[in-house]
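Novice: just a sequence and a predicted model for now, questions to come.
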Amino acid sequence: MSRLLLATDGSAPAEAALDFALAMFGARSHDWMVVAVAAPPLPGMAPVEPDWVEITPLERAAVDRQLAAERALARAIARIRAAGGTVRGYCRFGPPTTVLLEMLRGLSPDALILGNPPRDTLARRAFGSTADRLLHAWPGVVLLVPEGGRVVTPRPRAMFT
């Protein structure tokens with residue numbers, strides 16, 4: 001049995017990654033772990049426990065991101081369980097690359113599976129995506145799946161064997 005870590009944010013590329021991984025590996029013969037990360041609206045911002053009477057717009061943005069991450073995590077877990085798999089879920093708050101690298105070091109999966117968003121924004125072209133940064137920072141197996149579902153293998157070590 002291999003240990004697979006799926007990173008999800010609920011985006012179309014993340015959904016494509018889950019579709020591809022379930023089709024390629026199946027749900028039952030693997031130990032699935034799913035992590036959803038809520039990125040803070042400002043660097044260094046802590047998770048927000050909302051006081052619904054008095055909440056600033058910035059705190060509202062943080063709460064919205066936390067709730068979106070929880071929904072994405074719940075959807076991914078439900079799909080893996082519906083396919084007959086066992087899964088553990090983790091929802092974290094912080095910079096996605098930093099949080100995911102910490103999760104990778106702590107969980108030691110055999111492969112990281114994540115969606116690779118298109119380079120359609122100036123910021124993504126200039127600074128790269130979380131997927132780009134993880135591919136270069138993590139020495140283990142990384143499976144990048146773009147929205148269309150065709151696996152990207154920029155280096156031989158990125159292929160799952």
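Specialist: Structure received.

Novice: so how far is Ala27 from Ala76?
Specialist: Note on Ala76: its distance to Ala27, by CB to CB, to the nearest Å, is 11 Å. The C-beta positions use only the backbone N, C-alpha and C, and glycine is treated the same way.

Novice: next structured bit after the worst-scoring helix or strand of the chain on mean pLDDT?
Specialist: Every helix and strand in the chain was compared by mean pLDDT, DSSP states H and E; the lowest is helix 122-127, with a mean of 53. Toward the C-terminus, helix 122-127 is succeeded by helix 130-137 as the next helix or strand (DSSP states H and E).

Novice: in the host helix or strand of Arg71, what's buried?
Specialist: Under DSSP H and E, the secondary-structure element containing Arg71 is helix 57-82. Neighbour counts over helix 57-82 (16 or more other CB atoms under 10 Å) mark 59, 61-63, 65-66, 69, 72-73, 75-77, 79-80 as buried.

Novice: need the strands for this structure, in chain order.
Specialist: Secondary structure of the chain (DSSP state E): strands at 2-8, 30-38, 86-93, 111-116, 141-146.

Novice: C-alpha coordinates for the fourth one, CSV please?
Specialist: Extracted as CSV, the C-alpha positions of strand 111-116 are listed here (Å, rounded to 0.1, in the frame of the first residue of the first chain):
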residue,chain,number,x,y,z
ALA,A,111,3.7,10.8,-3.6
LEU,A,112,2.3,14.3,-3.5
ILE,A,113,-0.6,14.9,-6.0
LEU,A,114,-1.8,18.4,-6.8
GLY,A,115,-3.4,20.4,-9.5
ASN,A,116,-1.2,22.7,-11.6
